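**Q** mind folding the following:
(chains A and B)
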Amino acid sequence: MIEILRLSLPMTVWLTGFSVIYALQGFSCSRHWPVDIDARTVLIGVSALGLFIQVLILLVVLYAPSTSRFVQSTATTLATAAVVAAAWTMMPVLAASVCP
Amino acid sequence: MTSQPNPVTPPQQKGTALRLHRALARIWGSDPRLRGWLTTNNNNDIGTLFLIVATTFFVIGGILAMLIRAQLATPNSAFMEPEVYNQIFTMHGTVMMFLFAIPFFEAMSMLLLPGMLGTRDLAFPRLGAYGLWVYIFGGSAVIIAMLMGLAPDGGWFMYPPLSSAAFSPGIGADVWLLGITSIEVSAIATAIEVIVTVMRYRAAGMSLSRMPIFAWYILIVSVMILTAFPPMILGSLLLEVERAFGWPFFQVENGGDPLLWQHLFWLFGHPEVYIIFLPAAGMIATILPVMARTTLLGYGWVVAAAVSLAVLSFGLWVHHMFTTGIPHMGLAFFSAASTLVAVPTSIMLFSWIGTLWKGRARMELPMLWIMGFFATFVIGGLTGVMLAVVPFNWQVHDTHFVVAHLHYVLIGGYVFPMVAAIYYFQPLLTGRTRFFKLGEMAFWLVVPSFHVTFLAVHMAGLLGQRRRTWTYDAGQGWEALNLVASVAAFVMAIGFALIILDVAVNAFAAARGRRNPWNASTLEWSAAIPSPAYGFASIPIVRGRYPLHDDPDLALRIARGEGYLADTSRNRRETLIVSTARGEPAQVAVLPGNSILPFLLAVVTSTSFLAPLFDAYLVAGLALLGVVALALVWAWGLGSRVDEGLIDAGHGAILPLASEGPDPPGWWGSLFLLLADGVHFGSLLFGYAFLWTVAPNWPPPSYLQPDVWAVMLALAGAAALAAGPRLAVRAIGLDRAAWPAIAIGIFGAMALAAAAATVMLDRPDPAGHAYDATLWLLAGHVGFHAALTAIMLGYLVARVAAGYASPARIGEARIVALWADFTAATGLVALAAAWLPGASG
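**A** Numbers count the residues shown, from 1 in each chain, chains lettered A, B, ... in the order given. As a prediction, this is how the structure comes out:
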């Protein structure tokens, strides 16, 4: 089960982060968002935190390797892919307007 | 029923091997009469029935497609009335997506997975049979409703308010909602069975890195089913409750929002596309290397790509909603995620192209269909990238361009590889070698005519033709395109009819074939053809990813009984359970025999789903009680009253029975069922948060104020519910009386249910505002699970009293404890969510 988690965790964390950021963006455009907080700053902060967590997971995968060579190489690929995905899906936070 | 195989044992071993075969055939066989079909739970029989029924639905869906094309062939056509046209296109999408695509690959999985993995059957054979019958009853209800003119007509995604009671009166939409939900229950049952099988039921030595690539794909897809279907089930529940009782989840004037349906639907709907594509990709990755006489290039990369694609597919749902007024940043999120999907898909494609490159491909019929896949799916993928670009999406939204894109992806990416799979596995499934060569002709009819049809449909869409519109006026430049598309579509239909004819004729009339005609390397080809009910005379031992190439004598040694569990003296259905990662022999599973219970349970389950169509709520309630009663009877027949201790499984392996370990297969099954349940609950919380955040008519007139006694009751109940079953597990482990601990658990469940009831009593009108309706659903979730857990705890008392538990046999208590933990945790979260807005003012 640990090996299955090792394979599934990196991308699942990306999906969680992606959903949280999207939810936060939706929330920031709603009536509940406190007006004195800049939404973009919060979104950038949360996205950067997400990216940091993905890098952390990659480091854990690299420095606490599995005994199975196949699981280790596949988990490394997936953790790297999750870092790239987190960086790529962070772009809209930097480039697009929050609530037009 | 399951055909008898041709043993291929050498003469000196023939006597022993035949005795083993006969003993196994007796133990695993089914009654060949009609009763046998109703009681069988063997994967070969269930898979065959699934395959036949799914193909029948494919034919029905195809006929509906031809009716659509006949209507659209000429402008201002009076071939059918608009009301009929609406029903036809709705049913075409529904039948193809729900009744054909998913059950068809499930059928292939049931037929092939045990052989590929080196096990004798799937983990929960009766669950598989139950899934089959629920699917047959639910699917038949939808089709019968159509034949009676009561079909849904709101499109296969049933958007409210069009599908609401005001705009879709009658029972058409209800048939869709209830029928499809029952089919989703069937899919979830099968997914759980497949996951546990792939993770634990394999040949000795089959580590994760040695698993057949198809098993990886099906494992991933099954997890996707558990996480994608619950939002859809929740959406269907909300819409049905709104239609039946007026709870206004999607009515703007009462605090609802129709966009909530779109979110729930596409949370399911987009992953659904990948749920359909990935098994086909698994088939390609299985067949292509054999046809190219080599091994799959980049096995690990393909596994990683499949995992990535599966997860990414859950981050794309909003790209179906680009025209709903979502803020620019939201659009950009989903546009970025959508383009990202091209990366893992390309890795798979390049892996397959590389495999072809390094091998020497033979252009047999399965390979032709895979070539058809390449040509078609790449075009579908590219138009998918086009649709991920927001400005382009806005232009072509709801046009025939989208229709053409999804047919390129689904027919090119699913149907063509599945036809390849049918031809590839035909010798294995039927024991016959293809003789009548209609398949080649069919290929050359289907693939070119498919492209003519849907390239024309693409063009019509680009020129502005709207989808789901009954007819069109002449003079818009669409006439020739539609006529060409329709003529080519009929040619394609003739091609598909030839395929079905070809497969049927060859299955019954062709000559007996030899084993492993393709020289494949995976275990399913080591068994006799067609595969006997028990699959393997003994459980194989594998030492590499390509067992039949690594060890050319493996098939013979399996047949001679030189693997694990070749001893039939215990006279029961046994197979091996291995450790998940390394594939080391860990336990012996005893599988249940044939039974009518799955059929009966499916009858009452389907009745509980379908009775509300006729406002027969009493019948539905009674059927629900029948479900509980039969499920208890089913479970009661499992397990043992005595400890057997360790069993000699062969090769020096002395293993415990699975039922005498801490994590029996039922515990694993419960774990994954609770994953689906958790996603369902998460979707409910999402819906609540969505309405609270963006629904126009919020806040409601007042929020629920938390009552301190109710809060205390909930906390005490959850604590008792979590603690009681744990203490019971401990007591059983120490051979002490467990009933006091179980009583604590039952008290906890009742307290939690009472706390939930206070929410309902405080807000007595769920039809007044979406907020109240949501509170009732949250409280209903808690009450339902508390009642379920209380029943399970009561059942545990009876099982302990009857001697079904012992310090060695604590698995059942651990299963109940797992459910109790889930109920306690989600109960607290649900009640906290209900009380939070009021508490925060």
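**Q** okay, CA-based contacts and neighbour counts for the rest of this
**A** Noted.
**Q** for chain A, which residues are neighbours of chain B?
**A** Listed as neighbours of chain B in chain A under the rule C-alpha under 8 Å from any C-alpha of the partner chain: A:1, A:3-4, A:8, A:11-12, A:15, A:18-19, A:22, A:25-27, A:30-32, A:70-71, A:73-75, A:77-78, A:81, A:85, A:88-90, A:92-93, A:96-100.
**Q** could you list the low-pLDDT ranges of the chain?
**A** In the absence of a named chain, this looks at chain A. Under the criterion pLDDT under 70, the flagged ranges of chain A are A:35, A:100.
**Q** hmm, I had chain B in mind actually
**A** Chain B contains residues with pLDDT under 70 at B:1-15, B:841.
**Q** and residue B:820, what helix or strand is that in?
**A** In the assignment (DSSP states H and E), residue B:820 maps to helix B:811-839.
**Q** which helices and strands sit right next to that helix?
**A** Using 3 or more C-alpha pairs under 8 Å, 6 or more residues apart in numbering or on different chains; DSSP states H and E, the elements in contact with helix B:811-839 are helix B:665-694, helix B:708-733, helix B:739-762, helix B:770-801.
**Q** tell me the buried residues in it?
**A** Buried residues in helix B:811-839, counting neighbours by 16 or more other C-alpha atoms under 10 Å in any protein chain shown, are found at B:811-831, B:833-835, B:837.
**Q** filter the residues of chain A next to chain B to the buried ones?
**A** Using 16+ other C-alpha under 10 Å as the burial test, the residues of chain A next to chain B include A:3, A:8, A:11-12, A:15, A:18, A:22, A:25-27, A:70-71, A:73-75, A:77-78, A:81, A:85, A:88-90, A:92-93, A:96, A:98-99 as buried.
**Q** now, which of those lie within helices?
**A** Counting by DSSP state H, the part of these found in helices is A:3, A:8, A:11-12, A:15, A:18, A:22, A:25-27, A:70-71, A:73-75, A:77-78, A:81, A:85, A:88-90, A:92-93.
**Q** which SSE is the residue nearest the centre of chain B in?
**A** Nearest to the geometric centre of chain B sits residue B:187, at 3.4 Å (C-alpha atoms, centre = their mean). For residue B:187, the element it lies in under DSSP H and E is helix B:172-200.
**Q** tell me which helix or strand comes right after that helix.
**A** According to DSSP H and E, the helix or strand after helix B:172-200 is helix B:213-245.
**Q** tilt between that following helix and helix B:172-200?
**A** 150 degrees (axes from the mean of the first three to the mean of the last three C-alpha atoms, to 10 degrees).
**Q** check which residues of helix B:213-245 are buried.
**A** Across helix B:213-245, burial judged by 16+ other C-alpha under 10 Å covers B:213-243.
**Q** right, is it up against chain A?
**A** No: Helix B:213-245 is not in contact with chain A by C-alpha under 8 Å from any C-alpha; minimum separation 9.8 Å.
**Q** same for that helix, what does it pack against?
**A** Using 3+ C-alpha pairs under 8 Å, 6+ apart, the elements in contact with helix B:213-245 are helix B:102-117, helix B:172-200, helix B:258-291, helix B:299-312, helix B:665-694.
**Q** let's have the ones you listed in TSV, adding distance to chain A.
**A** Shown next, in TSV, are the helices and strands packed on helix B:213-245 (distance: least, C-alpha to the nearest C-alpha, whole Å):
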stretch	distance to chain A
helix B:102-117	17
helix B:172-200	9
helix B:258-291	12
helix B:299-312	6
helix B:665-694	6
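**Q** any chance of those in a markdown table, plus distance to residue B:561?
**A** Listed next are the helices and strands packed on helix B:213-245 as a markdown table, based on distance: least, C-alpha to C-alpha, whole Å:
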| stretch | distance to residue B:561 |
| --- | --- |
| helix B:102-117 | 16 |
| helix B:172-200 | 22 |
| helix B:258-291 | 27 |
| helix B:299-312 | 31 |
| helix B:665-694 | 25 |
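**Q** among those, which comes closest to residue B:129?
**A** Among the helices and strands packed on helix B:213-245, the nearest to residue B:129 by C-alpha to C-alpha is helix B:172-200 (9.0 Å).
**Q** the closest one to helix B:102-117, inter-axis angle?
**A** 10 degrees.
**Q** how far is helix B:172-200 from where the chain is centred?
**A** Mean-position distance between helix B:172-200 and its chain equals 5 Å (C-alpha atoms, centre = their mean, to the nearest Å).
**Q** any buried residues in that helix, and which?
**A** By neighbour count on 16+ other C-alpha under 10 Å, the buried set for helix B:172-200 is B:172-200.
**Q** repeat that for stretch B:30-41.
**A** B:30, B:36-41.
**Q** among the residues you listed, which are in helices?
**A** Among the buried residues of stretch B:30-41, the members found in helices (DSSP H) are B:36-39.
**Q** okay if I get these as JSON lines plus distance to chain A?
**A** Below are those laid out as JSON lines (distance: C-alpha to the nearest C-alpha, whole Å):
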{"residue": "B:36", "distance to chain A": "37"}
{"residue": "B:37", "distance to chain A": "36"}
{"residue": "B:38", "distance to chain A": "36"}
{"residue": "B:39", "distance to chain A": "34"}
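**Q** still on that earlier bit, how about the contacts made by the residue nearest to the centre of chain B?
**A** Listed by C-alpha atoms under 8 Å, 6 or more residues apart in numbering or on different chains, the contact partners of residue B:187 are B:102-103, B:131, B:225.
**Q** if you rank the residues you listed by neighbours, which is first?
**A** Greatest neighbour count in the contacts of residue B:187, by other C-alpha atoms under 10 Å in any protein chain shown, goes to residue B:131: 29 neighbours.
**Q** excluding chain neighbours, what is closest to it?
**A** The shortest distance from residue B:131 to any non-neighbouring residue, by C-alpha to C-alpha, 6 or more residues apart in numbering or on different chains, is to residue B:186 (4.2 Å).
**Q** just checking, that neighbour touches residue B:127?
**A** No: the pair residue B:186 / residue B:127 is not scored as a contact, 9.0 Å apart, by C-alpha atoms under 8 Å.
**Q** what's near enough to touch residue B:132?
**A** B:46, B:49-50, B:186.
**Q** give me that answer again for 10 Å
**A** B:41, B:46-47, B:49-50, B:53, B:103, B:106-107, B:126, B:183, B:186-187, B:189-190, B:598-599, B:602 (C-alpha atoms under 10 Å, 6 or more residues apart in numbering or on different chains).
**Q** got phi/psi on residue B:587?
**A** Main-chain torsions, residue B:587, degrees, to the nearest 10: phi -150, psi 170.
**Q** ok, back up a step: how much space between the residue nearest to residue B:131 and residue B:382?
**A** Here residue B:186 is placed at a distance of 33 Å from residue B:382 (C-alpha to C-alpha, to the nearest Å).
**Q** cool, and residue B:800?
**A** Counting by C-alpha to C-alpha - residue B:800 and residue B:382 are separated by 60 Å.
**Q** between the two, which has more neighbouring residues?
**A** residue B:800 (19 against 14).
**Q** my read: that one touches residue B:811, true?
**A** No: using C-alpha atoms under 10 Å, residue B:800 is not in contact with residue B:811; the gap is 11.8 Å.
**Q** now do the contacts for residue B:503.
**A** Counting by C-alpha under 10 Å, 6+ apart, residue B:503 touches B:419, B:422-423, B:426, B:430, B:434, B:436-439, B:509-510.
**Q** got the phi and psi for it?
**A** Dihedral angles (degrees, to the nearest 10) for residue B:503: phi -70, psi -40.
**Q** could you measure from it over to residue B:824?
**A** 52 Å.
**Q** give me the neighbour count for the residue lying closest to residue B:541 once chain neighbours are set aside.
**A** Leaving out its chain neighbours, the residue that sits closest to residue B:541 by C-alpha to C-alpha, 6+ apart is residue B:204, at 4.8 Å. Summarising burial for residue B:204: neighbours were counted as other C-alpha under 10 Å, giving 25.
**Q** check residue B:509 too.
**A** By the criterion of other C-alpha under 10 Å, residue B:509 has 14 neighbours.
**Q** hmm, residue B:501 and it touching each other?
**A** No: in this structure, residue B:509 is not within contact of residue B:501 by C-alpha under 10 Å, at 11.6 Å.
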